[in-house]
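Student: pasting the sequence and the predicted coordinates here, then a few questions.
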Amino acid sequence: MLEFELEARRGSFHLQVEGRFAAAWTVLFGPSGAGKTTLLRLLAGFDRDRLHGVGRVVFTERLLTDGKRGLHIPPGQRQTGMVAQQTALFPHLTAAANVAYGLRNLDGAARNRRVEEMLDLAGAAALARLRPQDLSGGQAQRVALARALAPAPKLLLLDEPFSALDGQASDLLLDRLKEWVRAHGMQTILATHDVSDALSAGAEVLLLHEGRRVAFGPAAEVLARERVRLLIRLGPD
């Protein structure tokens, strides 16, 4: 269970939104500039300065942020994994070493098994020895996903994580990921402006516009108008 009340400013942009996510999979949907990335970063514990002393985040009954009390648990202590639009892989490390970076609590054999498992899940097993500069955009996103999953976070935040993959590859990876996180009890929040991603996820959707909550509920209901537009654009089978 994730609950939050957040208000943040960045230049002329003003985010003011609250929510209560109980579903295993939730989609943040809205156009570019709606506030999806800002909200994810605040939930992950980044950009604390933008809260200006306000805001509250609670995950599994643990208080992570409370502006009024000056409480802020740093990102690395939140049991949260995040895949941002910019993969930010360490350029001097191989893909495997990037995935292993946050696994210091495991011994060598267990760490290696975990890295192999996560790279395989992300469809990146063949990339293990390559460095970021040798990866395509889509390959880098696969490795970034494996790195986020490796420490087994309780909350997974995804910001347009498959934008560099073509539609079929993105759909296949999304299906694999949904099955895996469900099996491991990992709550997931996906930010996207692609209505097909939101609908195929079969999740609850928080619809954002200009930093405000417009609607929240099952994808088929919240995105009814967008679904009609998508079907019109695609045409009949």
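Tutor: All right, it came through fine.

Student: please, which helix or strand holds the most centrally placed residue in the chain?
Tutor: Among the residues of the chain, the one closest to the centroid is residue 158, at 1.4 Å (CA atoms, centre = their mean). Assigned by DSSP states H and E, residue 158 belongs to strand 155-159.

Student: strands paired with that strand, and their directions?
Tutor: strand 80-83 (parallel), strand 187-192 (parallel) (DSSP bridges).

Student: ok, and what's touching the shortest one?
Tutor: By CB atoms under 8 Å, 6 or more residues apart in numbering, the surrounding residues in contact with strand 80-83 are 40-41, 43-45, 59, 75, 141, 144-145, 148-149, 151, 153-159, 161. For glycine as for every other residue, the C-beta is placed from the backbone atoms N, C-alpha and C.

Student: give me phi/psi at residue 99?
Tutor: phi -70, psi -40 (degrees, to the nearest 10).

Student: which ones are touching residue 205?
Tutor: 26-29, 198, 215-219, 222-223.

Student: select only the buried ones of those residues in PyMOL?
Tutor: Buried residues among these (16 or more other CB atoms under 10 Å), as a PyMOL selection:
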select buried, resi 26+27+28+29+198+216+219+222+223
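
Student: max pairwise distance over the contacts of residue 205: which two?
Tutor: Distance extremes for the contacts of residue 205: the farthest pair is 28 and 218 at 14.8 Å, using CB to CB.

Student: re the thing from before, tell me which entries of the contacts of strand 80-83 lie within strands.
Tutor: Using DSSP state E, the members of these that fall within strands are 59, 155-159.

Student: reformat the residues you listed as JSON lines; add pLDDT.
Tutor: Formatted as JSON lines, the ones in strands among the contacts of strand 80-83 follow (pLDDT from 0 to 100):
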{"residue": "59", "pLDDT": "97"}
{"residue": "155", "pLDDT": "97"}
{"residue": "156", "pLDDT": "97"}
{"residue": "157", "pLDDT": "97"}
{"residue": "158", "pLDDT": "96"}
{"residue": "159", "pLDDT": "95"}
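
Student: mark which of the contacts of strand 80-83 are buried, thanks.
Tutor: 40-41, 43-45, 59, 141, 144-145, 148-149, 151, 153-159, 161.

Student: could you list the buried residues of stretch 133-143?
Tutor: Neighbour count says stretch 133-143 has 135, 138-143 buried, by 16+ other CB under 10 Å.

Student: give me the subset of the residues you listed lying in helices.
Tutor: 138-143 (DSSP state H).
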